[in-house]
Structures are given as structure tokens and as C-alpha cells.
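J.: Show me how the following folds:
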Amino acid sequence: MAVPRSKVVRSGEIGVYHCVSRCVRRAFLCGYDSYTGRDYGHRRGWVRQRVRDLSRNFAVDVFAYAIMSNHSHLVLRNRPDLAAQWSLREVAERWCRVFPGAHREGDKGWEIRVEGLLRDRAALEKRRRRLADVSWYMRCLNEWIARRANGEDKCTGRFWEGRFRCQALVDEGAVLACMVYVDLNPVRAALATGLEDSWFTSVYDRLRAARASHRLTAMDRKGGADATGKCQSVEEERQAVREAEWLEPLGQTECPALQLDLEHYLNLAEWTAGVLPGDPAASPCESVERLLDRFQLDAERWAENVASYGSLFHCLVGSGEKMVREARRRGRSWFRGRRASARLYGRAPTG
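T.: Here you go, the predicted model:
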């Protein structure tokens with residue numbers, strides 16, 4: 001039985017959500033479609049750029065993303081607390097960037113539109129709420145992609161199966177498990193062998209940025225670009241760092257949803273990627289086991305749980321106690337997935 005979106009996404013509250021959008025029937029979002037013989041690989045760049053642009057204007061953080069051939073994954077956190085701090089002009093300008101119409105930012109028509117929005121404070125407050133809403137974020141992403149893809153294919157009609165699927169991630173363990181699952185989608189689908197070739201995922205961006213940052217630090221110690229004679233290489237490294245700046249940083253004090261150091265996360269993702277294709281039941285190394293114990297996750301079945309995560313949970317993901325508490329707070333006696341929670345966390349739910 002379908003669960004109303006209002007029972008999953010709590011309007012006006014900070015939350016972390018796993019959002020999945022899937023193309024209708026045989027439609028391809030990106031990649032090579034053997035049925036039609038066409039290559040849609042360039043659309044991956046569309047999706048990634050649109051996600052990045054929306055994140056700069058919405059009060060929504062992106063923890064993880066993966067763009068697959070016929071579906072996409074996002075791990076998002078809405079921040080109504082940040083949107084509440086925006087001035088009315090900032091709300092109007094952000095709205096106009098999301099819905100630019102026929103005008104570009106900075107031209108006369110764009111400024112006239114901003115001034116027009118400022119005259120209606122009630123409407124602006126409604127737009128402020130929408131700019132901190134996960135559903136509006138996904139609407140602005142999927143509608144834009146659908147229109148552009150249909151325009152390229154010279155057709156009309158539905159591009160997505162329906163409204164995006166959404167899961168509420170109610171604790172840090174759930175966020176961590178979902179992020180790794182999302183980032184390793186190409187590995188699970190046998191489209192990549194590891195993090196280095198898991199293109200169009202957040203873990204690939206984070207890994208490239210981390211390595212580029214280390215190399216830039218080493219260059220500075222050796223005297224910088226002038227000493228090495230590699231100015232172009234330095235700019236490429238800086239570009240790699242910038243490519244991940246829009247993602248929510250890990251291990252920061254302003255990141256309450258996941259107190260996890262980037263290096264530890266990359267190590268966990270790399271180890272998991274290494275055992276998924278061969279032996280998901282492999283025992284984790286000591287450092288991975290310590291990390292998973294910190295988040296109260298079952299280390300022995302970690303890789304198995306990541307491999308089957310997509311079929312384990314429905315609308316709510318978290319420890320058994322949290323799931324029971326959150327279900328009641330959302331006006332329900334339970335949500336499907338309590339048995340899966342016991343498997344992920346290695347303990348039976350109570351309540």
C-alpha cells in the first residue's frame with residue numbers, strides 16, 4: 001500500500017532523504033541504449049550540472065549522487081533553517097535563478113522580475129518554503145531533464161515512471177549505509193571495477209578532489225607551479241577540487257547528519273567496492289570494522305547489506321528503535337523494514 005509523501009517528508013523540518021527517479025519503459029537517461037542503437041552518455045552531464053545548479057540556489061545539501069543509465073540516486077538534506085535566514089531579495093533572486101524565464105541574471109528584464117516578486121511578501125514566503133523543500137528540488141530537477149530529453153528526441157509524453165521514490169534516513173548509520181549504496185551503484189551493476197572508474201558519482205568527485213588537494217599541497221611545498229613548470233597541471237588539479245565543492249563536506253562541525261571524516265569514508269567505500277563483486281560475505285578489515293561499530297552497524301554483514309540495500313527498506317531507514325519512534329511521530333504504528341533494520345544494525349527492534 002502506498003504511503004503518502006507527507007508521512008515520509010516532514011515539511012519544515014530538517015531531514016535526510018534518499019531520492020530515486022527512474023525512466024519510463026525503455027527510455028534511457030544516459031549511456032548506450034542497445035535497443036535503439038543510440039548513445040545518450042552526454043545526458044549524464046546535464047543531470048550533474050542541474051543538480052549542482054539547484055543546490056546552489058535551494059537550501060538543500062547533496063550528500064551523495066549516482067547517475068545510472070535509466071535512473072538516478074540522490075541523498076539530500078533539506079535546510080529550512082538556512083532558508084529562514086535569507087533576505088526577501090535573496091529569496092527573489094534565488095527563485096529567478098531556478099526559473100529564469102526569458103531573462104538572464106543581470107539584465108534589465110531579470111531585475112524587473114526580481115522587483116516584481118519583492119512587491120508580494122506572502123508569495124515570497126511561500127517561495128522561501130519551496131526553496132527548502134525536497135519535493136520541489138526533485139520537481140525542478142526531473143521536469144527540466146524530461147523537457148530537455150524530450151526536446152532532443154523530438155517527442156512528447158512521460159519521461160519518468162512517476163513521482164520520485166523517497167526514503168527518510170533517520171540516523172547517522174542509515175545515512176552512511178545509503179551513501180555507500182548510492183556511490184557504489186556502478187560497481188554493483190558491473191559497470192565499474194572500483195571508485196576510480198565510478199564516473200558520475202559523488203564518491204568519484206570526492207576521491208579526485210582529495211587526491212588533487214594532496215598533490216597541490218605537495219606542489220606548494222616544492223615551490224609551487226613556477227618551480228615545477230606545470231602551471232596547466234596546477235589549474236587542472238584546482239579544477240578537480242572545485243568539482244566537489246558543491247557536495248556537502250564530510251567531517252565538518254556544520255554537518256550534523258554525518259560526523260564522518262572524508263578519508264575514513266573513502267576507505268570504507270573502497271573496501272566495500274573491492275569485496276562486492278567477489279565475496280560480499282568477506283570479513284571487514286580492522287579499520288572498517290571500527291568505523292562501522294562507531295555507527296552501530298553490523299560489520300560482519302556490511303557488504304551483503306550494501307549489495308541488497310535497495311530491496312531491504314521502503315519509506316524509512318534507521319535502527320529499530322528510531323524507526324518505531326519516527327513512525328509514531330509521523331502518525332503511523334509502523335513502517336515496513338523493521339526486519340531489515342535488525343539485519344543492518346545487527347540487533348532486533350524494540351517497541
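
J.: Name the SS class of residue 17, please.
T.: strand (DSSP: H, G, I helix; E, B strand; the rest coil).

J.: That one contacts residue 168, doesn't it?
T.: Yes. Using C-beta atoms under 8 Å, residue 17 is in contact with residue 168, at 5.8 Å. Placement of C-beta: from N, CA and C, glycine included.

J.: Determine the residues that are contacts of both of these two.
T.: Overlap of the contact sets of residue 17 and residue 168 (by C-beta atoms under 8 Å, 6 or more residues apart in numbering) consists of 8-9.

J.: now the helices for the stretch 101-250 of the chain?
T.: Assigned helices in the stretch 101-250 of the chain, in chain order: 108-118, 121-130, 134-153, 172-183, 185-188, 202-221, 224-228, 231-242 (criterion: DSSP state H, counting those that start in this stretch).

J.: Select, out of those, the one closest to residue 81.
T.: Nearest to residue 81, of all the helices of the stretch 101-250 of the chain, is helix 121-130, at 11.8 Å by C-beta to C-beta.

J.: May I see the buried residues of that closest one?
T.: Residues of helix 121-130 classed as buried by neighbour count (16 or more other C-beta atoms under 10 Å): 124, 127-130.

J.: can you put the residues you listed in JSON lines and add pLDDT?
T.: JSON lines is the format used below for the buried residues of helix 121-130 (pLDDT from 0 to 100):
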{"residue": "124", "pLDDT": "96"}
{"residue": "127", "pLDDT": "97"}
{"residue": "128", "pLDDT": "97"}
{"residue": "129", "pLDDT": "96"}
{"residue": "130", "pLDDT": "96"}
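
J.: Which residue, neighbours along the chain excluded, lies closest to residue 27?
T.: residue 159 (6.2 Å; C-beta to C-beta, 6 or more residues apart in numbering).

J.: What does the pLDDT read for that neighbour?
T.: For residue 159, the model assigns a pLDDT of 90.

J.: How about the backbone phi and psi for it?
T.: Here is the backbone geometry of residue 159 (degrees, to the nearest 10): phi -100, psi -40.

J.: Against residue 190, how distant is it?
T.: 26 Å (C-beta to C-beta, to the nearest Å).

J.: So these two - more neighbours on which side?
T.: Taking other C-beta atoms under 10 Å, residue 159 and residue 190 do not tie; residue 159 has more neighbours (20 against 9).

J.: Lowest-scoring secondary structure element of the chain by mean pLDDT?
T.: Scoring the helices and strands of the chain by mean pLDDT, DSSP states H and E places helix 224-228 at the bottom, with a mean of 48.

J.: ranking the helices of the stretch 101-250 of the chain by mean pLDDT, which is last?
T.: When I compare those, helix 224-228 is least confident, with a mean of 48.

J.: Tally up the residues packed near residue 44, please.
T.: 18.

J.: starting at the chain centroid, how far to stretch 198-207?
T.: 11 Å (C-alpha atoms, centre = their mean, to the nearest Å).

J.: related to what we said a few turns ago, list just the one of the helices of the stretch 101-250 of the chain that sits closest to residue 58.
T.: helix 134-153 (5.2 Å).

J.: secondary structure element for residue 22?
T.: Assigned by DSSP states H and E, residue 22 belongs to strand 15-22.

J.: So what touches that strand?
T.: Under C-beta under 8 Å, 6+ apart, the answer for strand 15-22 is 8-9, 63, 70-78, 134, 138, 141-142, 160-161, 164-169, 174-175, 178, 182, 257, 317.
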